[in-house]
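Visitor: I'll drop the sequence and a predicted model, then ask my questions.
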Amino acid sequence: MNKKISAVGIGLLVALWVTLTAAAWFGPAEEYSGAERRKLAQAPELSVQSLLAENKYNRDGSIKEKLSYMTLFEDYSLDQFPMRDGFRQIKALFHYNVMRQKDNNDIYIVGDQAAKMLYPLNETMVKGNLSVFDYIQKNYLLKNQCKSFMAVVPDKGFHLAKNNGYLSLDYDRMFSLVQEGMPWATHIDLTQSLEIADYYATDTHWRQECILPAAQTISQALGVTPPQQADFTQEQVSDRFYGVYYGQAALPMNPEPMYLLRSDLLEGCRVFDVQTKSYTPVYDMEKLSGKDPYDVFLSGAKAVLRIENPNAATKKNLIVIRDSFGSSMVPLLVQDYATVTVVDLRYVDYRMLEQFVSFRGAQVLFLFNTQVLNTTPLMG
Amino acid sequence: MLFSSIPFLYYFLPAVVISYFLVSWLVEMIGKKLGLGQEKSHRASIFTKNLTLLLFSLVFYGWGEPVYLFLMIGSILMFWLCGLAIGKAQSQGLKRLWLTVSVVVSLALLAVFKYADFFVENFNALTGLSVPLLKLALPIGISFYTFQCLSYTIDVYRGNAQSQKDIVAFGAYVSLFPQLIAGPIVRYVDVARELKDREHNWERVHLGLRRFVIGMSKKIILADNFALLMSIFRDSSEQSVLFYWMYAIAFLFNIYFDFSGYSDMAIGLGKLFGFNFIENFNYPYMSKSVAEFWRRWHMSLGSWFRDYVYIPLGGNRVSKGRWLFNTLVVWMLTGMWHGASWNFILWGLLYAVCLLIEKWVPAIQKLPAFFRHFYTMLVVTLGFVLFNADTMAQVGTDFAGLFGFGGLPVASTATWYYLRSYGALFLMGIIGATPLVRDTANRLYESKKLGPAVAVAETVLLIVLLLVCTGYLVDGSFSPFLYFRF
């Protein structure tokens, strides 16, 4: 009896294996993974040349360039595996619930909030990035008599990690490093203006509709009129926003609504993309259907943008040197400025900034998230 | 190509299984239609099966190292010819000559590809010269298939095996992909009969697939997660004494589940294709002495050294001095088999010393079982720390960390976090390293009341494990394989 049951059971196992094999061999190839926000590998070309080709390697043994057919095929077989996202979810659920792991691919969940475990503090990286800011101060800001401000945006771990037993940066050390590295700037503390609900549950970023208190804190420090709730109309532009952690966590999570803050003043603004020499909208609605809907704010990753505000109350100019958190914050700061120039040092060489940006007499706000300061070299 | 990879599981393995059974069935059918008779048709079918395994095994080998296919084909030819020559030689001297040729050539290959740079580095260090290194990539599985081939020519020479006249059957034996790159070290005599004729039935498929899925789960779910913790430890800037011990114990489980998982997969695949490979592990972490540990750990290697090195040297039926020499030689070679590096040699010699102590201090065997188990596991754990170090300097750092030298804290925030996060994995590791699950499952399976439920549960478990392992692979998990480098 037992042997019969086992024989049938193995038949089921074989049937499953055969089905997955058939789907892997004959299933259609996908171009793009929405959950992981990346293009998927396609079937490599089979030829004598590709079979004999060898990968190029870095000194540490990691692959620098994949050239071998075998390596490319392995990538293809992983990327095009049938029901790929479903299998990633099975792994994530098993990892959390059976293995009792506290994180999956460094992403952890607390309540409905997903966050990336940012640990440890990479002092070398932080100091390297601060040296870039120092270069900017010495070479552009000093001679143009610019007044500088620095606001550090805490990542979600600041609000979640410690109380829930997860590893996180040493934030006190991070903030003191920034203060020590930028003694020439006025430091703006945003930690009191933000709470975890101000961030998207499935994404790294903050919600524009929730950051008015942070915008007010910054505006007060800059000495301009703080934006008020009444200045804006809140518009829901999506009810199915899945952030970057949704794909990385591979766990079942609910989509969220996405809102924009609109105003007549913003409607009158024009955004000039210095790189493409073309005008773009403050809110680029086409990006909502793109790979990252958060790119709706100032069109996402752009090297240098200049927001022209014909209805500004003053002729002041603001330069915001920022990361992606700045995209949703800058529209809330334009009110009193004739122009706001927005610079992302990840896409432009800081040694060539004067070619694109006029610093004369401007206020300069450095606005950076702890994650970028800790993990991303701002070398342009 | 790794067994624990999507290309193997869902491309290579289905392709070889379909080809193996379909082509051999077709050949048998055509043979019968042509009136070749039952026996000839069957022989043709076996030949086709061996040919299919040989061709697919060469693809499997070439997938990782296409450039070394020539080495594999050359080894097959050389050992096949030597085996034939030994078998046909009329005089003992001629037999010995051909045996010597096979031993010298195979050891020369190992010396060139595996040990040359180690010898040159040490020569340079001793003499102050700068003899350039060869910097050759290590052919995958060279230690495994070279030892298999050596066992063949030695057994033919000793008269324990007949020389194989069919080069396809011999080539299939040497290159057989289930055990090609990570063992077990299958001796020719153990599979000679199966190369001529072998049986396939649904029960073997059941046993084979079950063993394969369990082995794959040990590798992917347990070993790879322990490897991840080890990698986190190495990258961590917050090391502590407790974290060092977590690392040491993680490696203890990692290497066991990695290697025994791979052996399970090999044995399971062997069953699928009609072979019965020897067992390679027998719950080694249950051992209560170092000698017992080596009777349970990598059994195919231990028995190989016993039969082809230790006993020919005289074994223990010699003077005390000579026995001491034999023991040290065998364990130094065992260490060197694992890699061309001083830490492997020291690792082998550590076991030699422990075995000598166990022999010379019989009081150890009279200690309570708990203490003997504790002492054995301590030696094994520390031995593996030595084994896994990249350099001798790292050996020093690791041992200092384990015993609290160097001003490390007892624990750190990161240590507690990872202990909590990996606690369940350690528990699974402890349970999985004992025969508890196997024995309980077997007992329940035999029970009249619960047997059918256990049979159903087994099916569900195997399906879940296949899905979970696939999930881990698709998610691009960390999946290094340790025994590749040997």
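Guide: That came through, no problem.

Visitor: list the contacts of the nearest residue to residue A:245 once chain neighbours are set aside.
Guide: Leaving aside its chain neighbours, residue A:245 sits nearest to residue A:114 (3.9 Å; criterion: Cβ to Cβ, 6 or more residues apart in numbering or on different chains). For glycine as for every other residue, the C-beta is placed from the backbone atoms N, C-alpha and C. By Cβ atoms under 8 Å, 6 or more residues apart in numbering or on different chains, residue A:114 lies in contact with A:107-108, A:201-202, A:243, A:245-246, A:249, A:251, A:253.

Visitor: can you tell me the SS state at residue A:114?
Guide: At residue A:114 the chain is in strand, as set by DSSP: H, G, I helix; E, B strand; the rest coil.

Visitor: can you get me a residue count around residue 138?
Guide: All of this is about chain A. Residue A:138 has 11 neighbours, counted by other Cβ atoms under 10 Å in any protein chain shown.

Visitor: not quite, go with chain B.
Guide: 17.

Visitor: what's the pLDDT at residue B:202?
Guide: pLDDT for residue B:202: 89.

Visitor: how close does it get to chain A?
Guide: 6 Å (Cβ to the nearest Cβ, to the nearest Å).

Visitor: give me the nearest residue to residue 167, chain neighbours excluded.
Guide: Here I'm looking at chain A. residue A:119 (3.9 Å).

Visitor: if you could check chain B rather than the one you did, that'd help
Guide: Per Cβ to Cβ, 6+ apart, closest to residue B:167 is residue B:80, 5.4 Å.

Visitor: before we move on, which element is that neighbour in?
Guide: helix B:69-88 (DSSP states H and E).

Visitor: the helix or strand following that helix to helix B:69-88, inter-axis angle?
Guide: The helix or strand immediately downstream of helix B:69-88 is helix B:92-110, counting by DSSP H and E. Helix B:92-110 and helix B:69-88 meet at an angle of 170 degrees, taking axes from the mean of the first three to the mean of the last three Cα atoms, to 10 degrees as the criterion.

Visitor: does chain A sit close to the helix or strand following helix B:92-110?
Guide: Using DSSP H and E, the helix or strand that follows helix B:92-110 in sequence is helix B:116-127. No. Using Cβ under 8 Å from any Cβ of the partner chain, helix B:116-127 never reaches chain A; the gap is at least 15.9 Å.

Visitor: report all helices and strands that the helix or strand that helix B:116-127 is followed by contacts.
Guide: Next helix or strand after helix B:116-127 toward the C-terminus (DSSP H and E): helix B:142-158. Helix B:142-158 is packed against helix B:69-88, helix B:92-110, helix B:167-175, helix B:177-180, helix B:188-196, helix B:299-305, with contacts defined by 3 or more Cβ pairs under 8 Å, 6 or more residues apart in numbering or on different chains; DSSP states H and E.

Visitor: winner for burial among the ones you listed?
Guide: Among those, ranked by average contacts under mean count of other Cβ atoms under 10 Å in any protein chain shown, first place goes to helix B:177-180 (a mean of 26).

Visitor: put the alpha carbons of stretch A:342-362 into PDB.
Guide: C-alpha atoms of stretch A:342-362 as PDB (Å, rounded to 0.1, in the frame of the first residue of the first chain):
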ATOM      1  CA  VAL A 342      18.500  70.900  -9.300                       C
ATOM      2  CA  VAL A 343      21.700  68.900  -9.600                       C
ATOM      3  CA  ASP A 344      22.200  65.200  -9.200                       C
ATOM      4  CA  LEU A 345      25.900  64.400  -8.700                       C
ATOM      5  CA  ARG A 346      25.400  60.800  -9.700                       C
ATOM      6  CA  TYR A 347      24.900  61.900 -13.300                       C
ATOM      7  CA  VAL A 348      27.200  64.900 -13.600                       C
ATOM      8  CA  ASP A 349      30.900  65.300 -12.800                       C
ATOM      9  CA  TYR A 350      31.200  67.700  -9.900                       C
ATOM     10  CA  ARG A 351      34.400  69.000 -11.300                       C
ATOM     11  CA  MET A 352      32.500  70.400 -14.300                       C
ATOM     12  CA  LEU A 353      29.500  71.900 -12.500                       C
ATOM     13  CA  GLU A 354      30.300  75.500 -13.400                       C
ATOM     14  CA  GLN A 355      29.700  74.600 -17.100                       C
ATOM     15  CA  PHE A 356      26.000  73.900 -16.300                       C
ATOM     16  CA  VAL A 357      25.200  75.900 -13.100                       C
ATOM     17  CA  SER A 358      25.500  79.500 -12.200                       C
ATOM     18  CA  PHE A 359      26.300  79.800  -8.500                       C
ATOM     19  CA  ARG A 360      26.500  83.600  -8.200                       C
ATOM     20  CA  GLY A 361      24.700  84.600  -5.000                       C
ATOM     21  CA  ALA A 362      22.500  81.600  -4.900                       C
END
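
Visitor: residues contacting it, please?
Guide: Residues contacting stretch A:342-362 (Cβ under 8 Å, 6+ apart): A:132, A:135-136, A:139-141, A:144-146, A:274, A:298, A:301-307, A:316-324, A:326-327, A:330, A:341, A:372, A:376, A:378-380.
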